[in-house]
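Chemist: Here is my input, please return the structure:
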Amino acid sequence: MKRYRYRAYPDGSQRRALTKVFGCVRVVFNDVIAVRQSSYRAGEPYPTAGELSKRLLTAAKKTPERAWLSEVSSVPLQQALLDADRAYRSFFNSMADKRRGKRAGIPRFRTRHGKQSARFTRNAGFGLEQSTHGVGFLTLPKIGRIRFVLSRPVPSEPSSVTVIQEIDGSYYVSFVVATPTPEPLAPVQRVAGVDVGLTDLAAITYSDGTRQKVPNPRWLRTKERELARAQRSLSRKQRGSKNREKARHRVAVLHRKVRETRADHHRKLALKLIRENQAVALEGLDVAGLARTRMGKSVNDAGWSTLARLIREKAAEHGREVIVISRWEPTSQLCSVCGVKDGRKPLHVRVWTCVFCGALLDRDFNAAVNIIVAAGLAEKLNACGGDVRRTLACADPDEAGTHRTGRENAVA
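Modeler: Down below sits the predicted model:
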């Protein structure tokens, strides 16, 4: 199952109808949290999803305070109730250590100022039309026929569709579809080791003796001055005014451009690595911990976790292998030519000379070679000749090396 997301362009009446749906979905979700919080404070057992459905949907529609819930489709309201129930189950499973991954927090009330969404399943009876000239139409109950950009065909009949309104006011439709299992890519002999960084986004060494560095575009840094001007303009506007809403929209658009540009770059780089290599070796990093340091802004801007996730997803889709080595491997301390551990080095040392074999090593390429070796792919390097490690790890001749001293004890 995959999600196919498209930009949508509802007209004025459809936007008003979608706003009503988003508001009703938000109210139902918040009602579930309010009822369960009151049950917790009263020492009563949590009401089940079925009980909440009868109480907050069926019975509530008959009251004057919630009669307007009947003006929208009942399917997204039921889905909002199930989402709130699922959020509570994820929270309890995290507390009991039954849930893998990041610990889920206790569900919080939704606000009208963030991203809005409403999900319609097949029970809602939505309709999908695809044309041959890049335009699609989605028909939703009590909303109408919404036009969206058909940038690629929807491969099969969707099981559900989610209508999304981003913070900047743009609309999207996201279909959940079943896609056929893609054919694995033809096997290749090359493997790659990837060392991520901030100066360069990635230093990549290949088992065929080639290497490259992917520059770090610094998506957020390049927009900082523009963002600062937009934020200053927003701070001067009177709260509740139309000018403030326009200024808020400009800030949201800038953040969306940064986010989408970064995602596009990461997807293309991940797909290139997977297509051209049979195996990709990555270094396991504590990105959450690094994001709490003084370099946190740059770490988040680089998006290392997103890049690693996309590489793993593309590898699973195309039949490739991804090996993630331990974060404790001293990739920046080992000489990949002779294997001597030369100690920790401060971040400003980008080129250093091995005290044992005298090799002039590029810090990033040397780490990428060590990642390949730690991943158990050293035989791929050895097949290319005895000097391939020196070729991959050594710095350019015109770069000055830095010899290590006992007083240098900064973090590598």
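Chemist: all contacts plus neighbour counts: C-alpha atoms, from now on.
Modeler: Fine.
Chemist: Give the buried residues for the host helix or strand of residue 202.
Modeler: In this structure, residue 202 sits in strand 200-206 according to DSSP states H and E. Within strand 200-206, the residues that qualify as buried by neighbour count (16 or more other Cα atoms under 10 Å) are 200, 201, 202, 203, 204, 205, 206.
Chemist: What's the mean pLDDT across whatever helix or strand comes next after that strand?
Modeler: Per DSSP H and E, the first helix or strand lying C-terminal to strand 200-206 is strand 211-215. In this model, strand 211-215 has a mean pLDDT of 93.
Chemist: which residues in this protein form helices?
Modeler: Ranges of helices within the chain are 12-41, 49-53, 74-95, 219-222, 224-236, 242-276, 287-290, 296-302, 304-318, 363-374, 378-382, 388-393, based on DSSP state H.
Chemist: what packs against the last one?
Modeler: Counting contacts by 3 or more Cα pairs under 8 Å, 6 or more residues apart in numbering; DSSP states H and E, the secondary-structure elements packed against helix 388-393 are helix 363-374, helix 378-382.
Chemist: Can you report how many residues neighbour the residue lying closest to residue 303 once chain neighbours are set aside?
Modeler: Closest residue to residue 303 in three dimensions, ignoring its sequence neighbours and counting by Cα to Cα, 6 or more residues apart in numbering: residue 262, at 7.8 Å. Neighbours of residue 262 under the rule other Cα atoms under 10 Å: 20.
Chemist: quick one: pLDDT of residue 380?
Modeler: 67.
Chemist: let me fix that: residue 411
Modeler: Per-residue pLDDT puts residue 411 at 32.
Chemist: just to revisit the earlier point, ranking the helices of the chain by burial, who's on top?
Modeler: A comparison of the helices of the chain by mean neighbour count, using mean count of other Cα atoms under 10 Å, puts helix 363-374 on top with a mean of 28.
Chemist: for that helix, packing partners?
Modeler: strand 191-196, strand 200-206, strand 279-283, helix 388-393.
Chemist: Partner strands of the shortest one, with direction?
Modeler: This points to strand 279-283. strand 191-196 (parallel), strand 321-325 (parallel) (DSSP bridges).
Chemist: can you count the residues close to the spatially closest residue to residue 24 that is not a sequence neighbour?
Modeler: Nearest-residue entry for residue 24: residue 69, 6.3 Å, with adjacent residues in sequence omitted and distances by Cα to Cα, 6+ apart. When counting by other Cα under 10 Å, one arrives at 24 neighbours for residue 69.
Chemist: again, but for residue 239
Modeler: A count of neighbours around residue 239, defined by other Cα under 10 Å, yields 11.
Chemist: can you pull the contacts of residue 161?
Modeler: The contact partners of residue 161, by Cα atoms under 8 Å, 6 or more residues apart in numbering, come to 119, 120, 121, 173, 174, 175, 176.
Chemist: Would you mind giving these as a markdown table with distance to residue 52, neighbour count and pLDDT added?
Modeler: A markdown table is the format used below for the contacts of residue 161 (distance: Cα to Cα, whole Å; neighbours: other Cα atoms under 10 Å; pLDDT from 0 to 100):
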| residue | distance to residue 52 | neighbour count | pLDDT |
| --- | --- | --- | --- |
| 119 | 19 | 21 | 96 |
| 120 | 19 | 23 | 96 |
| 121 | 20 | 17 | 94 |
| 173 | 28 | 24 | 96 |
| 174 | 27 | 19 | 96 |
| 175 | 27 | 24 | 96 |
| 176 | 26 | 19 | 95 |
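Chemist: Just give me the closest of those residues to residue 87.
Modeler: residue 119 (15.7 Å; Cα to Cα).
Chemist: Can you tell me the closest non-neighbouring residue to the closest one?
Modeler: residue 162 (4.2 Å).
Chemist: from memory that neighbour sits against residue 118, does it?
Modeler: Yes - Residue 162 is within contact range of residue 118, at 5.5 Å (criterion: Cα atoms under 8 Å).
Chemist: between the two, who's got more neighbours?
Modeler: Remark: of residue 162 and residue 118, residue 118 carries more neighbours, 22 against 18, as counted by other Cα under 10 Å.
Chemist: List the beta-bridge partners for the more buried one.
Modeler: Bridge pairing for residue 118 - DSSP bridges - gives residue 163.
Chemist: what's the residue most central in space within the chain in contact with, if anything?
Modeler: Residue closest to the mean C-alpha point of the chain, counted by Cα atoms, centre = their mean, is residue 306 at 4.7 Å. Going by Cα under 8 Å, 6+ apart, residue 306 touches residue 266.
Chemist: Tell me the spacing between it and residue 289.
Modeler: To residue 289, residue 306 is 15 Å away according to Cα to Cα, to the nearest Å.
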